[in-house]
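*Asks:* Starting from these lines, generate the structure:
(chains A and B)
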Protein chains: 2
Amino acid sequence: MSVITIERKILEKNDEVAGQNRSLFLEHGVFVLNLISSPGSGKTSILERTIELLGGKIRLAVIEGDVQTDLDAQRIARYNVPAVQIVTRGGCHLEANLVRDALQNLELAGVQLLIIENVGNLVCPSGFDLGENHKVVIASVTEGDDKPLKYPEIFHRASVLIINKIDLLQYVPCDINVLRGNALRVNPSLKIFETSCTTGAGIQEWCGWLKGQVSRQQ
Amino acid sequence: MSVITIERKILEKNDEVAGQNRSLFLEHGVFVLNLISSPGSGKTSILERTIELLGGKIRLAVIEGDVQTDLDAQRIARYNVPAVQIVTRGGCHLEANLVRDALQNLELAGVQLLIIENVGNLVCPSGFDLGENHKVVIASVTEGDDKPLKYPEIFHRASVLIINKIDLLQYVPCDINVLRGNALRVNPSLKIFETSCTTGAGIQEWCGWLKGQVSRQQ
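*Replies:* Residues are numbered from 1 along each chain as shown, chains lettered A, B, ... in the order given. The predicted model follows:
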């Protein structure tokens, strides 16, 4: 019982800090995404393709969340985009206070779009608000078409689903219409993009939507 | 501070129940594996191929762990193997007491091999002993070759690594030698198998090793 109470307190405290983050983002006119997926679904690759396409048009910044290593921040730093790495040292998700601390090392003035790449985990990050405008869940076709039913929480809480690695569809047992249907069953208002970071398919559509959202925030 | 104390108590309590599970398994001469991977790496497919090859030779049982749905237990039930589904309803990993409860619905007498398929999560399940003989981590090549460095805990705690979906190697940016090297850097004593559930590659080697382990347990 005491554990449950403490869990509730952790979530309440997280919501409080997330609210402060959100106020700060709003004050600076920053549009914020929280990218969530399994390990290896392509969060960092989506981020790279997004920076390539929008980097010249929108002032971007990135917060990378990882259990260990700063490999992802190194990948992003190559694009000359401000990037801060959070290493959770075993922690399975980002919390609002980790993002707040990371913001100490990130100049928000002038930033239009902040993308937070969460720890690779389809379960735990879904319950923790970081102060973002939208959660974006990425599912790669190699993971199969049943994931929205088996891990419904994040599909329920996300505004956007990116179905990634569609270039591999012909080689894997995944029916993209079943995947879309399962996702919409869990969350009928999900906005869905189908992408491949290898061929570039769908990246224009995703970035077009994103650019529109950022303009609206200003 | 109080949260840390409670976390320690949860882990101590888990170790205690895991010890009881382990005694029960030993008493019945059951060899037990705890399968851990990201969502969609192929845990259930590996299980299916294993049952197909060993089902006639070894008396098998399965415990399925999922956040939601009994889709995996349904897949396994087709093979006429005793299967119990644990639905964690949002919980991100299996704990020893969930396995203990599941054992109420599973007749261990005569079972030689019990395979527990954990929740799809590369982070949280690694810290929770269920009473198994070995943790087996599955990483698919579609997830990339950097995962052992980014999620070291489970590669450190596992005895076996199955590198799955090797039929897709030619289509994805994953160097299997880098993946092997990264895994062995984290855990030099890892036993590694390379498999494809589509072509059947490596399944014989994996099942051969497993059969040897089971014989030794009797």
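
*Asks:* C-alpha only now, for contacts and for neighbours.
*Replies:* Fine.

*Asks:* Indicate whether stretch A:84-98 makes contact with chain B.
*Replies:* Yes. Applying Cα under 8 Å from any Cα of the partner chain, one finds stretch A:84-98 touching chain B at A:Gly90, A:Gly91, A:Cys92.

*Asks:* Output those in CSV, with secondary structure and neighbour count appended to each entry.
*Replies:* Formatted as CSV, the residues of stretch A:84-98 next to chain B follow (DSSP: H, G, I helix; E, B strand; the rest coil; neighbours: other Cα atoms under 10 Å in any protein chain shown):
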residue, secondary structure, neighbour count
A:Gly90, coil, 16
A:Gly91, coil, 16
A:Cys92, coil, 24
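
*Asks:* List just the nearest of those residues to chain B.
*Replies:* A:Cys92 (5.9 Å; Cα to the nearest Cα).

*Asks:* ok, for that closest one, nearest residue in space, not its chain neighbours?
*Replies:* Leaving aside its chain neighbours, A:Cys92 sits nearest to B:Val123 (5.9 Å; criterion: Cα to Cα, 6 or more residues apart in numbering or on different chains).

*Asks:* Pull up the residues of chain A that are close to chain B.
*Replies:* A:3, A:6, A:38-41, A:66-69, A:90-92, A:121-124, A:142-144, A:147, A:149-153, A:168, A:171.

*Asks:* Now, of these, which are buried?
*Replies:* The neighbour count (16 or more other Cα atoms under 10 Å in any protein chain shown) marks A:38-41, A:66-69, A:90-92, A:121-124, A:142-144, A:147, A:149-153, A:168 as buried among these.

*Asks:* biggest helix in chain A, by residue count?
*Replies:* For chain A, the longest helix by residue count, based on DSSP state H, is helix A:2-27.

*Asks:* by how many degrees do that helix and helix B:2-27 diverge?
*Replies:* Calculated by axes from the mean of the first three to the mean of the last three Cα atoms, to 10 degrees, helix A:2-27 forms an angle of 130 degrees with helix B:2-27.

*Asks:* From A:Ser196, how far out is A:Ser45?
*Replies:* Using Cα to Cα, to the nearest Å, A:Ser45 is found at 9 Å from A:Ser196.

*Asks:* Chain neighbours aside, what residue packs nearest to A:Asn105?
*Replies:* A:Val84 (7.0 Å).

*Asks:* What of A:Ala201?
*Replies:* Once flanking residues are discounted, A:Ala201 sits nearest to A:Thr195: 5.2 Å by Cα to Cα, 6+ apart.

*Asks:* picking that back up, name the residues that touch the helix or strand hosting the residue nearest to A:Asn105?
*Replies:* Following DSSP states H and E, one finds A:Val84 within strand A:83-87. Strand A:83-87 is contacted by residues A:61-70, A:72-73, A:76-77, A:98, A:102, A:105-106 when judged by Cα atoms under 8 Å, 6 or more residues apart in numbering or on different chains.

*Asks:* how close does the residue nearest to the spatial centre of chain A sit to chain B?
*Replies:* Nearest to the mean C-alpha position of chain A, by Cα atoms, centre = their mean, lies A:Leu35 at 0.6 Å. Distance of A:Leu35 to chain B, computed by Cα to the nearest Cα, to the nearest Å: 16 Å.

*Asks:* was I right about that residue contacting A:Val137?
*Replies:* Yes. In this structure, A:Leu35 is within contact of A:Val137 by Cα atoms under 8 Å, at 6.0 Å.

*Asks:* and the residue nearest to the centre of chain A, what is it in contact with?
*Replies:* So A:Leu35 contacts A:Lys43, A:Ile115, A:Ile116, A:Glu117, A:Asn118, A:Lys135, A:Val136, A:Val137, A:Ile138 (Cα under 8 Å, 6+ apart).

*Asks:* among the residues you listed, who's most crowded?
*Replies:* A:Ile138 (28 neighbours; other Cα atoms under 10 Å in any protein chain shown).

*Asks:* from what I can see that residue touches A:Ile36, true?
*Replies:* Yes. Counting by Cα under 8 Å, A:Ile138 does reach A:Ile36; the two are 6.3 Å apart.

*Asks:* Could you name every residue contacting both of these two?
*Replies:* Residues touching both A:Ile138 and A:Ile36 (Cα under 8 Å, 6+ apart): A:Lys43.

*Asks:* So what's the residue count around A:Arg8?
*Replies:* If we define neighbours as other Cα under 10 Å, then A:Arg8 has 12 of them.

*Asks:* returning to that earlier point: what's the ChimeraX syntax to select whichever of the contacts of strand A:83-87 are buried?
*Replies:* Here is the ChimeraX command that picks out the buried ones among the contacts of strand A:83-87, judged by 16+ other Cα under 10 Å:
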select /A:61,62,63,64,65,66,67,68,69,70,72,73,76,98,102
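
*Asks:* Once you drop chain neighbours, what's closest to A:Val17?
*Replies:* Per Cα to Cα, 6+ apart, closest to A:Val17 is A:Ala96, 5.7 Å.

*Asks:* measure that neighbour to A:Asn14 for me?
*Replies:* 6 Å.

*Asks:* So those two - more neighbours on which side?
*Replies:* Neighbour tally, A:Ala96 and A:Asn14, criterion other Cα under 10 Å: the higher count belongs to A:Ala96, 24 against 21.

*Asks:* wait, doesn't the more buried one sit right on A:Asn21?
*Replies:* Yes. The criterion here is Cα under 8 Å, and A:Ala96 meets it with A:Asn21 at 7.4 Å.

*Asks:* overlap in contacts of these two?
*Replies:* Common neighbours of A:Ala96 and A:Asn21 (Cα under 8 Å, 6+ apart) are A:Leu130, A:Gly131.

*Asks:* among the helices and strands of chain A, which one scores worst on average pLDDT?
*Replies:* helix A:2-27 (a mean of 85; mean pLDDT, DSSP states H and E).

*Asks:* Now do that one: which elements does it pack against?
*Replies:* helix A:96-102 (3 or more Cα pairs under 8 Å, 6 or more residues apart in numbering or on different chains; DSSP states H and E).

*Asks:* What is the helix it packs on packed up against?
*Replies:* Helix A:96-102 packs on helix A:2-27, strand A:83-87, going by 3+ Cα pairs under 8 Å, 6+ apart.

*Asks:* Check for me that A:Val81 belongs to a strand.
*Replies:* No. Under DSSP: H, G, I helix; E, B strand; the rest coil, A:Val81 sits outside any strand and is assigned coil.

*Asks:* who's in contact with it?
*Replies:* Taking Cα under 8 Å, 6+ apart, one finds A:Leu60, A:Ala61, A:Val62 in contact with A:Val81.

*Asks:* returning to that earlier point: pick out whichever of A:Ser45 and A:Ser196 has more residues nearby.
*Replies:* A:Ser196 (21 against 18).

*Asks:* would you say the more buried one is within a helix?
*Replies:* No. Read with three-state DSSP, A:Ser196 is coil and lies in no helix.

*Asks:* all helices for chain A, in order.
*Replies:* Using DSSP H, helices in chain A cover A:2-27, A:43-54, A:71-77, A:96-102, A:147-150, A:152-157, A:176-186, A:203-217.

*Asks:* Much appreciated, bye for now.
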